[in-house]
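**Q** Following is a predicted model, sequence given first.
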Amino acid sequence: VSPPNVPREAAFDKIAFRESWDAEAQYLLLDGFSRGKHLHYDGNAIIELVDRGQRWLIDHDYLTRNTTEHNMLSVIRNGRSTDLVPSCAGLVCASDAGPAIGLVTTEMLDYCGIDWRRHVFWLKGDAFVVLDRMTARKDADYDLDLVWKVEDQGDERLVSDGEFLVRRSEFPGRTKHAQVVEAEQTTPPTEDDVANARAQRFWIKWPDRVQPAVKRSAPKGIVVPVCKLCQRTSGPLKSGQTAEVANLLYTDETAEPGDYEIQRVADGAVLLRGKEDALCAVRGAKIDGIAFDADMLFLSPTCIAWANGRSVAIGQAQLASADVSNLELDLSASQVTAEKADGKPAVIEANSLSSDAVRRLLASLAEGTTETPTRVAAPVPAAQPVWATVLDGETPVRRLKTTDLDGDGSPEILVAAGNRGFVLETDGRIRWSYALEGICYDLEAGELIAESPGPEIAVAGGDTYVHLLSAKGELISKQQIRGAVWNQNFGDRP
């Protein structure tokens, strides 16, 4: 357990975005705590997204704790990820001033050398725009990986470099894993039937240059099959420099397709193209034709909303508050709701800020007449192998780590592969291996016997034993692990 590195008043457990209690309504849950009894490293992750009665984004793993298995950011600095995600995220701002727009910014500070802010713009009942902004604290080469996790039902794919599609049809059992056919159904659906069936769809779209990849994992234990969209941004960052990835999340149906797109207009600002265009921007964004003082700003011809804001100006037309406030203005009905931090109403002054002025600004942004200084990382050259070693046939490597076993200052490589644990030299030569009567899952070196100087190695595998070895690979002792571990794998205890 590590102490929080955010102020106590900023720490939070969960933030819920709930349209209503209707089963078909939108619901998104954002996590603020990265530890707990099951020790999930998932602070600032989106735990779940529900819409149209379907669970689209999922957490759904009781045991897996890694950041790479959650809808969040993983940070690799200079080729390594040695620092855990901090224990608590912090709330920067939140606005739920009116019926149309919700705004939330949260942050994870000093996460492996990165300050990560997650800005969520919620068009209630329609879409989410998630803007992830990563600011370096230290000069380094960074790999910044965003993950979006859905259930793998065999109909999830990259449509293009900037679009990912999840499809759920009226044949819910027709997946690559299984096909359910009712007893009275004599003819299963054809591929054409499935392709042309009415379906609900979940879209993730992004305007930024990332390295997208789709990864699938087979079910193990209590989890469902999982499909993950991974978005990697790679390159050097100096202290204070930022990288950003914006994602548009929405659902539709094949019978009533949605028409949303997302366009980058500046660092800290994107244009949502849809039923009507809208600007989503965060503090510090420099956009021609508009100035604003707010942590978050949503601007459309029918609605203006801000969080922790004071003003927005388009030319000579402006909207201003004497105090920092959360605001939603319905331009079509000229109705405004604004609250100060203490919950009291804020006084708002408007000077000729009209729907037409907003519409002209958005049209200008859509045409690309503003500068777009968004940082694009240089492509990373493909790594080339220095050596290759075959370990126990074609079985997968389950663990890979380094340690200095002989105290010569040069690390050896510990590998769990197949039914064996291996120790390799740094040039790939096998120093020794140790065979188990089951799958080898992990190895760990450390000073475990006080009377014997130097490290020992503990090896764990599917034979239910922990084997304690000397640094030369000789068996010292082994202990069978019983109880819950045995029950989960084999049923009754021995």
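**A** In hand now; what should we look at?

**Q** ok, so what distance separates Gln211 from Asp145?
**A** 9 Å (Cβ to Cβ, to the nearest Å). No exception for glycine: its C-beta is placed from N, CA and C like everyone else's.

**Q** quick one: which of these two has more around it?
**A** Ranked by neighbour count (other Cβ atoms under 10 Å), Gln211 and Asp145 place Asp145 first, with 21 against 15.

**Q** partners of the helix or strand harbouring that one in the sheet?
**A** Per DSSP states H and E, Asp145 falls inside strand 140-151. With DSSP bridges as the test, strand 140-151 is paired with strand 73-77 (antiparallel), strand 226-237 (antiparallel).

**Q** Name the stretch among the ones you listed that sits most buried.
**A** Of those, the one with the most neighbours on average (mean count of other Cβ atoms under 10 Å) is strand 73-77, at a mean of 21.

**Q** OK, contacts around the spatially most central residue of the chain?
**A** Centroid check for the chain by Cα atoms, centre = their mean gives Met72 as the closest residue, at 2.2 Å. The contact partners of Met72, by Cβ atoms under 8 Å, 6 or more residues apart in numbering, come to 42-46, 85, 146-147.

**Q** In a markdown table: those, plus pLDDT and neighbour count.
**A** A markdown table is the format used below for the contacts of Met72 (pLDDT from 0 to 100; neighbours: other Cβ atoms under 10 Å):
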| residue | pLDDT | neighbour count |
| --- | --- | --- |
| Asp42 | 85 | 25 |
| Gly43 | 89 | 29 |
| Asn44 | 94 | 27 |
| Ala45 | 93 | 27 |
| Ile46 | 95 | 26 |
| Val85 | 86 | 27 |
| Leu146 | 95 | 22 |
| Val147 | 95 | 21 |
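
**Q** Looking at those, which is nearest Asn308?
**A** Asn308 lies nearest to Asn44 out of those, by Cβ to Cβ, at 18.6 Å.

**Q** just checking, that closest one touches Thr106?
**A** Yes - with contacts counted by Cβ atoms under 8 Å, Asn44 reaches Thr106, the gap being 5.7 Å.

**Q** distance of the residue nearest to the centre of the chain from Pro4?
**A** 17 Å.

**Q** Which secondary structure elements does the biggest helix by length in the chain sit against?
**A** Looking across the chain with DSSP state H, the single longest helix is helix 355-366. Packing contacts for helix 355-366, counted by 3 or more Cβ pairs under 8 Å, 6 or more residues apart in numbering; DSSP states H and E, involve strand 261-266, strand 269-273, strand 278-282, strand 291-299, strand 303-314.

**Q** got the angle between the last one and helix 355-366?
**A** Strand 303-314 and helix 355-366 meet at an angle of 80 degrees, taking axes from the mean of the first three to the mean of the last three Cα atoms, to 10 degrees as the criterion.

**Q** Let the chain start at 8 from now.
**A** Understood, numbering begins at 8; the last thing we discussed is strand 310-321.

**Q** can you list contacts of strand 310-321?
**A** Residues contacting strand 310-321 (Cβ under 8 Å, 6+ apart): 99-102, 104-105, 107-108, 110-112, 285, 296-306, 325-328, 330-338, 360, 364-365, 368.

**Q** avg pLDDT for that strand?
**A** Mean per-residue pLDDT for strand 310-321: 94.

**Q** Check which strands are paired with it and give the direction for each one.
**A** strand 298-306 (antiparallel), strand 324-337 (antiparallel).

**Q** between the ones you listed, which one is nearest to Asp434?
**A** strand 298-306 (53.0 Å).

**Q** ok, residues contacting the closest one?
**A** By Cβ under 8 Å, 6+ apart, strand 298-306 touches 99-100, 102, 108, 110, 112, 126, 128, 285-290, 297, 311-320, 365, 368-369.

**Q** next one: stretch 323-333
**A** 100-104, 110, 311, 313-320, 334, 336, 345-348, 353-361, 364.

**Q** could you flag which of those residues are buried?
**A** 100-104, 110, 311, 313-320, 334, 336, 345-346, 353, 355, 360, 364 (16 or more other Cβ atoms under 10 Å).

**Q** residue ranges with poor pLDDT in the stretch 258-407 of the chain?
**A** For the stretch 258-407 of the chain, residues meeting the criterion pLDDT under 70 lie at 376-389, 401.

**Q** Can you give the distance of stretch 424-440 from its chain's centre?
**A** 34 Å (Cα atoms, centre = their mean, to the nearest Å).

**Q** measure that stretch end to end?
**A** 10 Å (Cα to Cα, to the nearest Å).

**Q** where exactly do the helices run in this protein?
**A** 198-203, 362-373, 491-497.

**Q** avg pLDDT for the shortest one?
**A** Throughout helix 198-203, pLDDT has a mean value of 67.

**Q** Could you check how many residues crowd around Asp162?
**A** 19.

**Q** ok, and the closest non-adjacent residue to it?
**A** Leaving out its chain neighbours, the residue that sits closest to Asp162 by Cβ to Cβ, 6 or more residues apart in numbering is Arg174, at 4.3 Å.

**Q** ok, now Pro462?
**A** Nearest one to Pro462, counting by Cβ to Cβ, 6+ apart, is Ala452 at 4.6 Å.

**Q** And that neighbour, how close does it get to Ala364?
**A** 67 Å.

**Q** just Arg174 next, same as before
**A** Distance, Arg174 to Ala364, using Cβ to Cβ: 40 Å.

**Q** Please apply the same query to Ala370.
**A** 11 Å.

**Q** for Asp152, same thing?
**A** Taking Cβ to Cβ, one finds Asp152 at 40 Å from Ala364.
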